[in-house]
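# I need the structure of the sequence given here:
(one chain, ligands or ions: 2)
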Amino acid sequence: MINVAVSGALGRMGTTIGRIVDEAPDLELVGGIDIREGSFFGKEVVPAARIDAFLKEKKPDVLIDFTVAAAAVENIRAAARNNVALIVGTTGFSPEQREIIRSAVEGNVPAVISSNFSVGVNIFWKLVREAARELGDYDIEVTEAHHRYKKDAPSGTAKTILEILDQELGEREKVYGRVGAAERKNEIGVHAVRGGDIVGDHAVLFAGNFECIEISHRAYDRAVFAQGAVRAARWVVGRDPRIYAMQDVLGI
Ligand SMILES: NC(=O)C1=CN([C@@H]2O[C@H](COP(=O)(O)OP(=O)(O)OC[C@H]3O[C@@H](n4cnc5c(N)ncnc54)[C@H](O)[C@@H]3O)[C@@H](O)[C@H]2O)C=CC1
Ligand SMILES: O=C(O)C1=N[C@H](C(=O)O)C[C@H](O)C1
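Ligands and ions are numbered 1, 2, ... in the order given. Next up is the predicted model:
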């Protein structure tokens, strides 16, 4: 039995993950952490200020964090000092926060960190990499769309797309939300749409003369992210103490 705790337990992803863990015969939901007290699936949710006492008492094997960047950094540090493995889906980290996370995790606990835990997006990233290798001279535009409550833009998944494009094509200027009259150069356009209850759409357009290729992914339910995160949680326990990607979990 793997003991699982969830931070961001009262949020959209936290409740989706809590339900999956609660229903899994091989997993035990030991409780949750959020900014306020509460309960989910019959388990206690404690305020983030009490995370150390919570981890010592409940002894989860793994903490799954879907919160906000500043909170996740503190939760990750707490898990690392209490020897709890990590799944981190939170997005919007600054380079400085990424460095704090790296030094908290490396050599201390195993952690799978991914801007997107869906299997489909992990395959989509591979397809984008392949297309970029062949179509480096085409104009490239990245578009993402999410629900009205999303706090960060562009999405973590879109930032990962940009990292892949930079790795394959060399670093190019990014133009965010094109406005005004300017001739297109070699930049990559990046566009974020926010509205309604859109779960998560991403597309990369490669536009050449007389043809375009668009690679896209659309999530219809956030269960796809939650199922991926739970799959990663089963995989991460007992691994060497370092940062892993979802591709490591999937073996792709
Ligand atoms: N990697 C992936 O596959 C996915 C990542 N995300 C990311 O997950 C994060 C959460 O997304 P949602 O669940 O939609 O947001 P949400 O706003 O519904 O939930 C976040 C929860 O975190 C709580 N929280 C805030 N500070 C906290 C702290 N210090 N400790 C514990 N909990 C705290 C909030 O009260 C809230 O309940 C975002 O960064 C989002 O981009 C979302 C979906 C998929
Ligand atoms: O906030 C969300 O909802 C999502 N966030 C992730 C991101 O920023 O890429 C993943 C997914 O698209 C949903």
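# how about stretch 160-177, does it reach ligand 1?
No: Stretch 160-177 lies out of reach of ligand 1 by CB under 6 Å from any ligand atom, never closer than 9.7 Å. No exception for glycine: its C-beta is placed from N, CA and C like everyone else's.
# for ligand 2, what are the nearby residues on the stretch 1-150 of the chain?
Applying CB under 6 Å from any ligand atom, we find that the stretch 1-150 of the chain lies next to ligand 2 at Thr91, Ser115, Asn116, His146, Lys150.
# in CSV, list those along with secondary structure, distance to ligand 1 and pLDDT.
Shown next, in CSV, are those (DSSP: H, G, I helix; E, B strand; the rest coil; distance: CB to the nearest ligand atom, whole Å; pLDDT from 0 to 100):
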residue, secondary structure, distance to ligand 1, pLDDT
Thr91, coil, 4, 98
Ser115, coil, 5, 98
Asn116, coil, 4, 98
His146, strand, 8, 98
Lys150, coil, 6, 98
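# adding distance to Glu134 and neighbour count, write these out as CSV.
Converted to CSV, those look like this (distance: CB to CB, whole Å; neighbours: other CB atoms under 10 Å):
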residue, distance to Glu134, neighbour count
Thr91, 29, 22
Ser115, 24, 22
Asn116, 23, 26
His146, 29, 25
Lys150, 32, 18
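# where in the protein is pLDDT low?
Within the chain, no range satisfies pLDDT under 70.
# which SS class is the residue of it positioned farthest from its centre?
Ranked by distance from the centre of the chain (CA atoms, centre = their mean), the top residue is Phe210, with 35.7 Å. With DSSP: H, G, I helix; E, B strand; the rest coil as the basis, Phe210 sits in coil.
# please name the residues that touch the residue lying closest to Tyr220 once chain neighbours are set aside.
Spatial nearest neighbour of Tyr220, chain neighbours left out: Val199 (6.2 Å); criterion: CB to CB, 6 or more residues apart in numbering. Contact partners of Val199, counting by CB atoms under 8 Å, 6 or more residues apart in numbering, are His146, His147, Arg218, Ala219, Tyr220, Asp221, Arg222.
# what of Ala79?
Leu55, Leu63, Asp65, Ala85, Leu86, Val109.
# do Val236 as well
Val62, Ala85, Leu86, Ile87, Pro110, Ala111, Val112, Tyr244, Val249.
# give me the distance between the residue nearest to the third one when sequence neighbours are not counted and His202.
Just to be clear, that refers to Leu86. Leaving out its chain neighbours, the residue that sits closest to Leu86 by CB to CB, 6+ apart is Ala111, at 3.8 Å. Separation of Ala111 from His202 (CB to CB, to the nearest Å): 24 Å.
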